[in-house]
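**Student:** Sequence and predicted structure are below.
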Amino acid sequence: MQKLEEYQSGSYLKVNDYKAFMPSKINDEWIWNDSELNKLLSEASLQLGALNGFAEQIPNIDIYIKMHVKVEANKSSRIEGTRTTIDEDLLEKLDVDPEKRDDWQEVQNYVEAMNYGIERIKELPVCTRLIKEIHAILLKDVRGNHKNPGEYRISQNWIGGTRPDNAVYVPPIPSEIGNCLNDLEKFINNDNINVPELIKIAMIHYQFESIHPFLDGNGRTGRILIPIYLLSKGIINKPCFYISDYIEKNKEAYYDFLSRVRTNNDMISWVKFFLEATIETAKTARVKFENIIKLTNEMNNKIMELPIKPENSKKVIELLYNEPRVNRNIISEKTGIKMTTVDNIIKAFVNNGILVETTGFKRNQIYLFERYIKLF
């Protein structure tokens, strides 16, 4: 049993002309006396529970979660420097500016990796095997695909600077990665310690980022693990909690708090930051879902007033929640509605403000379910 207030982050190992950080092991039972942390933990648990309960009551929430995941992918990838907007991420690859296609592909990979993880934990616990599988998907056919996707690094990496000797941070040497991750995996799945899951995932995230086991994609992998872990532990029942938007808005503080753990042994401040992020993220997500329900009810009423068979309108509106960027062919292919009927539906949807045409062309038009996208 250890106290968070007395946490020791690790030590430095001299290697040639630089020092690599060796994080201390965390697989232990952690306690604390900090009353502010207790207050934040209580509020974070309350807000996450409220979000979870609210999500359970929404019919067909999985449809809306698909868009939620796409937004998370955009935000998490932007933290690492990608430049596509959410609207651009909804485009087909050939419709994206060639200079942004690598960024676009990274976002698509993130969506795939997140969805893979959500399904995989139904049969596999959160473990190093799963982490490697997620990483392999993230780096598939993108700029980091030459950096051993799905494999731990066998060479030294670093953050900031041009070499390890002038870097901002140098993570553990390659030969120690296995030991570090073995301890982390034990902590992740240690059910014999009475540490609240939100405290555990805060510490897990810090530890993973400190180990930095891959040559590239560590940040994205670490952020995917947050909702995956909470799902695996039953803290949330639906994949509706994504923290990257808060991190992107507070990126400087995020990196500063992670760094302060290593430099000042200040795990308490990092955990507090993580809990504050959890509180705001849960509140924001709930508001989004509340607004989605309002929009859904409004759309259901509106399509009943259109001069179109309600069953056809309903098929199209349900498609739009999953794919808010469409053209005539997509609608026809995905719904099975004849093209002539699709044209009438599009016309009615545009005239009633449901769809917005984005190209200005007379042919090959692209339509957005703009109000839905703006909710995210």
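**Tutor:** Noted; the coordinates are in hand. Numbers count the residues shown, from 1 in each chain.

**Student:** Helix or strand for the nearest residue to residue 97 once chain neighbours are set aside, just tell me which one.
**Tutor:** Nearest residue to residue 97, sequence neighbours excluded (C-beta to C-beta, 6 or more residues apart in numbering): residue 88, at 7.7 Å. In this view, the C-beta of every residue, glycine as well, is placed from N, C-alpha and C. If you go by DSSP states H and E, residue 88 is part of helix 86-89.

**Student:** what does that helix rub up against?
**Tutor:** 70-71, 73-74, 96-97, 100, 104, 107-108, 325, 368, 373, 376 (C-beta atoms under 8 Å, 6 or more residues apart in numbering).

**Student:** Which elements pack onto the helix or strand that comes right after it?
**Tutor:** Counting by DSSP H and E, the next helix or strand C-terminal to helix 86-89 is helix 101-120. Applying 3 or more C-beta pairs under 8 Å, 6 or more residues apart in numbering; DSSP states H and E, one finds that helix 101-120 contacts helix 61-79, helix 86-89, helix 128-138, helix 218-232.

**Student:** could you redo the last one with a cut-off of 6 Å?
**Tutor:** Packing contacts for helix 101-120, counted by 3 or more C-beta pairs under 6 Å, 6 or more residues apart in numbering; DSSP states H and E, involve helix 61-79, helix 128-138, helix 218-232.

**Student:** possible to save these as TSV with mean neighbour count and distance to residue 36?
**Tutor:** Below are these laid out as TSV (neighbours: other C-beta atoms under 10 Å; distance: least, C-beta to C-beta, whole Å):
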stretch	mean neighbour count	distance to residue 36
helix 61-79	21	27
helix 128-138	20	32
helix 218-232	23	22
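
**Student:** Dump those into a markdown table; add distance to residue 304 as well.
**Tutor:** Below are the helices and strands packed on helix 101-120 laid out as a markdown table (distance: least, C-beta to C-beta, whole Å):
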| stretch | distance to residue 304 |
| --- | --- |
| helix 61-79 | 19 |
| helix 128-138 | 41 |
| helix 218-232 | 36 |
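
**Student:** For residue 1, find the nearest of these.
**Tutor:** With C-beta to C-beta, the closest approach to residue 1 among the helices and strands packed on helix 101-120 belongs to helix 218-232: 22.3 Å.

**Student:** which parts of the helix holding residue 88 are buried?
**Tutor:** Across helix 86-89, burial judged by 16 or more other C-beta atoms under 10 Å covers 86, 88-89.

**Student:** Appreciated, that's everything.
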